[in-house]
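Novice: got a structure for you, letters missing:
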């Protein structure tokens with residue numbers, strides 16, 4: 001009985017981690033959309049907030065979620081190799097755009113980042129789907 005209870009608690013913890021991460025992702029998408037529509041005078045503040053959320057989301061992926069999903073996926077190293085370029089773009093955006101004052105340059109960097117985020121989200125979704133499929137078995 002104790003083992004079953006611990007397995008249920010562990011599963012609930014995993015579910016909580018994944019739900020929080022996906023909620024965080026949706027907030028990041030909302031922030032991105034708000035940022036792309038920002039007026040020049042709001043852009044600097046919105047970029048700073050977006051970058052904080054972006055780094056938090058990326059860190060959460062690497063330090064909490066990817067390790068959890070790794071348990072059910074033998075291809076985790078391939079996934080991490082594929083996502084490294086996206087992560088490099090995220091870090092570059094954070095480093096340059098928090099210091100950047102040129103709105104046109106920020107928008108250009110933001111467009112490039114958006115493409116990488118779409119790619120990253122697709123990879124994460126695939127990894128998550130594999131995790132959920134294996135967990136059901």
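Specialist: Ah, there it is. Worth saying up front: this structure is predicted, and the values here are computed from it rather than measured.
Novice: In terms of helices and strands, where is the spatially closest residue to residue 101 that is not a sequence neighbour?
Specialist: Excluding its sequence neighbours, the residue lying closest to residue 101 (Cβ to Cβ, 6 or more residues apart in numbering) is residue 44, at 7.2 Å. C-beta: built from backbone N, CA, C; applies to glycine. Assessed by DSSP states H and E, residue 44 sits inside helix 40-60.
Novice: other SSEs contacting that helix?
Specialist: Packed against helix 40-60 by the contact rule (3 or more Cβ pairs under 8 Å, 6 or more residues apart in numbering; DSSP states H and E) you find helix 2-36, helix 76-97, helix 103-136.
Novice: buried ones in that helix?
Specialist: Using 16 or more other Cβ atoms under 10 Å as the test for burial, helix 40-60 gives 43, 46-47, 50-51, 53-54, 57-58, 60.
Novice: now these as CSV including pLDDT?
Specialist: Listed next are those as CSV, based on pLDDT from 0 to 100:
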residue, pLDDT
43, 81
46, 86
47, 88
50, 92
51, 92
53, 93
54, 95
57, 95
58, 93
60, 93
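Novice: if we can go back for a sec, which residues touch the helix holding residue 44?
Specialist: 20-21, 24-25, 27-28, 31-32, 34-35, 38, 87, 90, 93-94, 97-98, 100-101, 103, 106 (Cβ atoms under 8 Å, 6 or more residues apart in numbering).
Novice: No further questions, thank you.
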